[in-house]
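Asks: With the sequence up front, the predicted model follows.
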Protein chains: 2
Amino acid sequence: MTATSSPIGRSRPRPDAPPKTRGALRYGADRRVARLLHARPVLATRAHARVLGVDTAAALALPGVVAVLTAADLPITARTPARLAHPLAGEEVLFAGQPVALVVAMTPEAAADGAELVRVRLEPMPVVLDPEAAMRPGSPPTRGDIEDAPAGAAMDAQTHAAVGGAGDASIEAEELSGNVSGRTRYREGDIGAALASAAAVVEGTFETSWVHQGYLEPQVATAWQEADGRIVVETATQGTFAARSDVAKALGLPHHRVRVVATPLGGAFGGKWPLYETLVAGAAVALGRPVRLVLERSEDLVATQPAQPFRIEARVGAAADGRLLGLEARIVADTGAFDDSSAESLAAVLIAGPYRWPAFDISAHGVRTNRFGDGPYRGPSGPPTAFALESLLDELASKLGIDPIELRRRNVVDEGGPMIDGEAWPRIGLSEVLDALEASPLWHERGDLPPDEGIGLAVGYWPGANSAAAAACKVSPDGSIQIVTGTVDMSGVEGGFQAIVAEVLGVEPSTVGMEVVDTAGAPATPGSGGSTITYSVGRAIRLAAEDARNAIFEAAALQLEIAPDDLELAEGTVRPKGTPERAIPLARLVRRHAGEGRAPIEGHARSEILSLSPSVAAHVAHVRVDRETGRVEVLRQHLIQDVGRVLNPALVAGQQHGAAAQVVGWALRERLGHDANGQPQATTFLEYALPRAEDVGQISTTPVEVPSPDGPFGAKGIGEAPVIPGPAAIANAIAAATGVRIRRLPMDPVSVWRALAGERVE
Amino acid sequence: MTATSSPIGRSRPRPDAPPKTRGALRYGADRRVARLLHARPVLATRAHARVLGVDTAAALALPGVVAVLTAADLPITARTPARLAHPLAGEEVLFAGQPVALVVAMTPEAAADGAELVRVRLEPMPVVLDPEAAMRPGSPPTRGDIEDAPAGAAMDAQTHAAVGGAGDASIEAEELSGNVSGRTRYREGDIGAALASAAAVVEGTFETSWVHQGYLEPQVATAWQEADGRIVVETATQGTFAARSDVAKALGLPHHRVRVVATPLGGAFGGKWPLYETLVAGAAVALGRPVRLVLERSEDLVATQPAQPFRIEARVGAAADGRLLGLEARIVADTGAFDDSSAESLAAVLIAGPYRWPAFDISAHGVRTNRFGDGPYRGPSGPPTAFALESLLDELASKLGIDPIELRRRNVVDEGGPMIDGEAWPRIGLSEVLDALEASPLWHERGDLPPDEGIGLAVGYWPGANSAAAAACKVSPDGSIQIVTGTVDMSGVEGGFQAIVAEVLGVEPSTVGMEVVDTAGAPATPGSGGSTITYSVGRAIRLAAEDARNAIFEAAALQLEIAPDDLELAEGTVRPKGTPERAIPLARLVRRHAGEGRAPIEGHARSEILSLSPSVAAHVAHVRVDRETGRVEVLRQHLIQDVGRVLNPALVAGQQHGAAAQVVGWALRERLGHDANGQPQATTFLEYALPRAEDVGQISTTPVEVPSPDGPFGAKGIGEAPVIPGPAAIANAIAAATGVRIRRLPMDPVSVWRALAGERVE
């Protein structure tokens, strides 16, 4: 592209790092707002109950308390069952921890004191906690309006474009209770015959737990009404346009009457899709003053949208040479009190992994219970499904006496071949990742380990997301470049965007300014999630920069009297190709152009990507198991991932390091449990055991580059894939160390001790 | 365009009116900013002096005072003589009222008290006040660095594209002092011979005064540095991009390290181009805290950028049939202590009016003095030049016994014929305005008036401005429309933009949201001034809406399986032409399109207009003169203006009503005087006599529509023209009432009384 060395593939510091590390950044809870009122939610103490009344008098009598709002007080006009349309429980409590009232006060302290004094009178209703039981006809309903609720209200289409294709309609005929919120079935070939003909069949039932995204900054949102009546919501969100749409829908307004401003994210990982925006917006309108809600940690652990648990029964059969013959799977997802996630339909696709299956029969059900509302967590439905499949493949390899990498290599999908859902497989870097896995130094040490240590591997993939996006690229009169986007930065993607633009325009990345703006000014931008940003927004930004480049060439063509096609951009100048001595610095070009009253030099692009670029990841884990205590120590992890093209090596490695930490939590530690009445058991970070630095072990990473045909300079979305095979790799390492296979996450000391003691894990 | 009735030409309320009239709007001084410091300037007490020192100790000792900043304390790296690069006087004071130091304190009161205690030690230097004397070689310089200052540092090119063409180089050879900041000469034909051959020649010397723009909200700007080091400036400005450029230049930063947010304007009229933005930005960086400066009224009247006065000597000759034969003019503009306005070069063009001149010799000089810095005021250089020319034409008509309208009609310029500066005259609506003038009921009453009453008329034009602009038009998933622009609204143009978009997209104007955003997100937008917004930005918005329309048609073509060309937009739907029953509501179309992962539906346009669309205005004034006191009462005014196309009749009339008020100020009341030492004499609105409602008389308006080929739906910029002929019309009415011609503005009671008493006006 340019004569200067390309910025693509060079490590650069994250532009967002200095203010974060200096502690100078203001998060949502730190921003000053004039006349701000502070809110404290009153949470339901029962998992399922009828609301008989809310006694507010004592709270209202407290100095500083301005109002106690209940559902009826909010100016919400939407009539859908979506969670965002019901930020406060109305007549019925659906889970323990659901907000029923909102105390609004002059100070956070007064709000907290007021919330203590609100008495919610509840009449208990049957609590439904077990999804298997809840599915059966005749189960008590998890919510009273269940007949009216449409099945499977889909999440924002932008974030789940990953799920496509057509399922098998037979599943609709099953007789199930109204608690079933979604059902998907994929069938191909004769699964019975396929498994009967197999040289080896392995099977198992796998269970995972409710898992919190574990962000450090709790949920926070602030809202107020401007003088012209517009509503402004400042919120720590992954998706400003999604939040705008939710608030506008809830309050019955056109989108431009709502402006959503993203505050910097202090962690999100999928947990910060819109949640409390409609509540604060409704409260601000009702009270005519700005209202802020910052959750306490104890509230955040019970009243948000953690990832749902799965129960997966799976059987896999293979020929003696390792060719996979068939997959049978029955998946049940506990989608909690609401059903906004489509977790089960995603799981139905992901359970098959990146492998060829001549026959399969996969069914998946999403079932409502009286627990939380569910939401996505990095690689949604990925770790649980890979845990099941990759555990079984590991077992199959040892049963057949085939190297586990070789087993997988024999079943690599063909580009263009059918995915589980009937879509065609795009180009996928599985073979290349298996090559890198083969070369993993860690993997080669597996034969020579002390007792009770083991090394395991697993593979996983994320299909990617193909969001539509728009972007603008402005060239200012001083020759500096500005990218305009609404992208919420979760992982330093801004640095990648700078590299993309620098490459297109032949400038240094540091001269490219990122203008990350709110919904008023931003070109349409998808939310940050599902590995969509680099792939989809990055592409829109590349196209916008190319559009700006064309405008620069047109301007230079006028000034140099030369055809645009004969020009090139390099070293911050525009010049006739191969004639550096005729180069004009961009600043001079733009100034002269503007001085002549010519059109502003700026580019704009609206991009759609109808193809997906899956990212395959492999994980090698080295563990030591303490047979006395059941404690598993992760000593080393090696993450290998096809990232398409490395835009910024430091950022790619950063994503993989973060994944290495999170999979230790998934695999060994994290579980949001409930007691028999549906009371949540983890309400602090003491009880909810996030991994600490000492738990993660030594990490190494290997990026693999199988360019995406559609991503910017071949790059793919890389956020999700590296967490997916992790728990399976750790389980396989435990099996290698102990010979015992554990089928339930987390593999905490008690579970492991029991398994080693020969007890059935439960 | 659509089957529904067009929104163009329908009166609609201004969207900005309700919050303004309810008092709910927050202006720049009302906005809460955390940790805000308050600034008070210390103003120079002499008009020209060397700064020997600034004694700050007493101020710094005052509780609450945080700092006393002088020029050396500001992190300004720019090395140009521009006023914005020197927001505090350094070694030399150039005018009485120039800020020398800035006291910054915890409260406005402490800052004011501190400012009282700062002692600026000054050594007097020769004060230069008379431009004619200042021009002469050997005049004392108005500033010490005068030899180094480049002549005529031009204003922002966007706002003065009105000035073009090539002058006569002979003027460069004149021997003049270094105080001359700009010189322009236009010559054609033999002016001596032309005037000698004339049947009648009239001549006069006309003088005008320094005039303040008279906005009610004083200058206010606030700045702070974000955690990532970017500088944010919130300012009551007409041009956010101009302010960004000034601040970035002053502080030596790329443009994207500065974000400028416009606060609502409480009046501007040309007076709110960047002025104190570099001062507050520099102070905020120096102190590491937000700093706000709100001028007191007394400061605003002495330390801002009022409009400059002119001295115009002019001679006009005509043939017996009224054909104009020649114009000779010598113009001297007092451009004050800085020279940012190019007022004289604009005056050199405007002095010729919209008339054909076979011969002319026009020279214009801008001269620095030790008074204020100058700036534009609605119709810059227009009222003074029209005052001179139209007074003389009135006299000429009566001398030749020709009806004054007829006189003008005989000299209407030809489209394509040469303007004074050599550019070709675009289509201009002078004949049509003269037709409307002929039909003016007020004009027809002139023959039958009580004694001491008179009716006069005058004509003027504004060449227009042809700024480049970009704009975006987003169609949101709910089918609502958002226009993204950086336009600062001075006059309700948002309503006009809504009508333009509604017309293009076949929707109701109320469904079009205006997203007026800051420099971070806004497409490149010129400042609001020079009648550029409706013409230039309106055109960019129209093109952006058309781009969005194409995107809608593409989306609908996919869904309806019909060619885009066969589709139309009407009543909020898209449909096959003439097939209303197949119409799809926009909301449904967009939702379906987004659901399929298709590119966002949004348009973008970058527009240049290389032609001008001048607006011609005529003014009829009816006055009564009190011969005892010299007081002139304006009884009635009739304003006629070619507006190209009326987008919103209420807004057009509003512009003309405002002009009627302002010309009464220009003509009869307003003058920022200085004493012999250069001390300003008007420091309150008691001494600076803005007109009040009772002074304005009865107003009627007539819009004339001569469509602009380039403006949106034929519209032109209309802000400037209606003030231009006003003072001349009032002077001509006074002459009609009294037979006495007054050649100096304002025509205040003392001047009029003296003129009536036969004294020479001085």
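Replies: In hand now; what should we look at?
Asks: and residue A:579, how many neighbours does it have?
Replies: Counted by other CB atoms under 10 Å in any protein chain shown, the residues lying close to residue A:579 total 13. Just so you know, the C-beta spots here come from the backbone N, C-alpha and C atoms, and that holds for glycine as well.
Asks: Over to the one 10 residues further on?
Replies: Neighbouring residues of residue A:589 were enumerated by other CB under 10 Å; the total is 22.
Asks: can you check residue A:193 too?
Replies: 12.
Asks: Return the residues in contact with the closest residue to it other than its chain neighbours.
Replies: The shortest distance from residue A:193 to any non-neighbouring residue, by CB to CB, 6 or more residues apart in numbering or on different chains, is to residue A:359 (7.5 Å). Residue A:359 sits next to A:188, A:189, A:190, A:191, A:193, A:194, A:195, A:325, A:326, A:327 when contact means CB atoms under 8 Å, 6 or more residues apart in numbering or on different chains.
Asks: Could you measure from the fourth one over to residue A:197?
Replies: Translated: residue A:191. 11 Å (CB to CB, to the nearest Å).
Asks: Please say which of these two ends up with more neighbours.
Replies: Using other CB under 10 Å as the criterion, residue A:191 and residue A:197 rank with residue A:191 on top: 22 against 14.
Asks: mind listing what the more buried one touches?
Replies: Residues near residue A:191 by CB under 8 Å, 6+ apart: A:326, A:327, A:328, A:359, A:360, A:361.
Asks: My read is that residue A:280 contacts residue A:219, right?
Replies: No - Residue A:280 is not in contact with residue A:219 according to CB atoms under 8 Å; the separation is 10.4 Å.
Asks: Tell me what residue A:68 is bridged to.
Replies: Beta-bridge partners recorded for residue A:68 (DSSP bridges): residue A:103.
Asks: Check the burial of it by counting its neighbours.
Replies: By other CB under 10 Å, the residues close to residue A:68 number 26.
Asks: got it, and residue A:571?
Replies: 15.
Asks: roughly how far apart are residue A:583 and residue A:602?
Replies: 22 Å.
Asks: Hmm, I typed the wrong one, I wanted residue A:427.
Replies: From residue A:427 to residue A:602 the distance is 34 Å (CB to CB).
Asks: repeat for residue A:731
Replies: 52 Å.
Asks: Can you tell me the closest non-neighbouring residue to residue A:45?
Replies: residue A:96 (6.4 Å).
Asks: and what of residue A:376?
Replies: The shortest distance from residue A:376 to any non-neighbouring residue, by CB to CB, 6+ apart, is to residue A:270 (4.0 Å).
Asks: who's more crowded, residue A:583 and residue A:602?
Replies: residue A:602 (23 against 20).
Asks: Do I have it right that residue A:542 meets residue A:498?
Replies: No - Residue A:542 lies out of contact with residue A:498 (CB under 8 Å); the separation is 11.9 Å.
Asks: Neighbour count: those two, which is higher?
Replies: Using other CB under 10 Å as the criterion, residue A:542 and residue A:498 rank with residue A:498 on top: 26 against 23.
Asks: Rounded mean pLDDT for the strand ranked longest in chain A, please.
Replies: For chain A, the strand with the greatest residue count under DSSP state E is strand A:324-336. Across strand A:324-336, pLDDT averages out at 97.
Asks: what about the stretch 501-650 of chain A, any weak spots by pLDDT?
Replies: Within the stretch 501-650 of chain A, no range satisfies pLDDT under 70.
Asks: interface residues of it facing chain B?
Replies: A:511, A:513-515, A:517-518, A:520-524, A:551, A:594-595, A:597-602, A:604, A:606-610 (CB under 8 Å from any CB of the partner chain).
Asks: Tell me how many other residues surround residue A:563.
Replies: Neighbours around residue A:563, by other CB under 10 Å: 10.
Asks: isn't it right up against residue A:556?
Replies: No - Residue A:563 lies out of contact with residue A:556 (CB under 8 Å); the separation is 10.4 Å.
Asks: picking up where we left off before, make sure the residue nearest to residue A:45 is indeed in a helix.
Replies: No - counting by DSSP: H, G, I helix; E, B strand; the rest coil, residue A:96 is not part of a helix but coil.
Asks: Could you check the pLDDT of it?
Replies: Reported pLDDT at residue A:96 in the predicted model: 98.
Asks: In contact with it, which residues are there?
Replies: Contacts here follow CB under 8 Å, 6+ apart; on that basis residue A:96 touches A:43, A:44, A:45, A:46, A:47, A:302, A:370, A:674, A:677, A:678, A:679, A:680.
Asks: Residue A:376 versus residue A:297, what's the distance?
Replies: 21 Å.
Asks: neighbour-wise, which of the two wins?
Replies: residue A:376 (28 against 12).
Asks: Now whatever residue of the stretch 201-350 of chain A ends up closest to chain B: closest residue in space that isn't a chain neighbour?
Replies: Per CB to the nearest CB, residue A:256 is where the stretch 201-350 of chain A lies closest to chain B, at 2.7 Å. Distances taken as CB to CB, 6+ apart place residue B:513 nearest to residue A:256, at 2.7 Å, with adjacent residues excluded.
Asks: Show me just the buried residues among the residues of the stretch 501-650 of chain A next to chain B.
Replies: A:511, A:513-515, A:517-518, A:520-524, A:551, A:594, A:597-602, A:604, A:606-609 (16 or more other CB atoms under 10 Å in any protein chain shown).
Asks: In strands, which of the residues you listed fall?
Replies: A:513, A:514, A:515, A:602, A:604, A:606, A:607.
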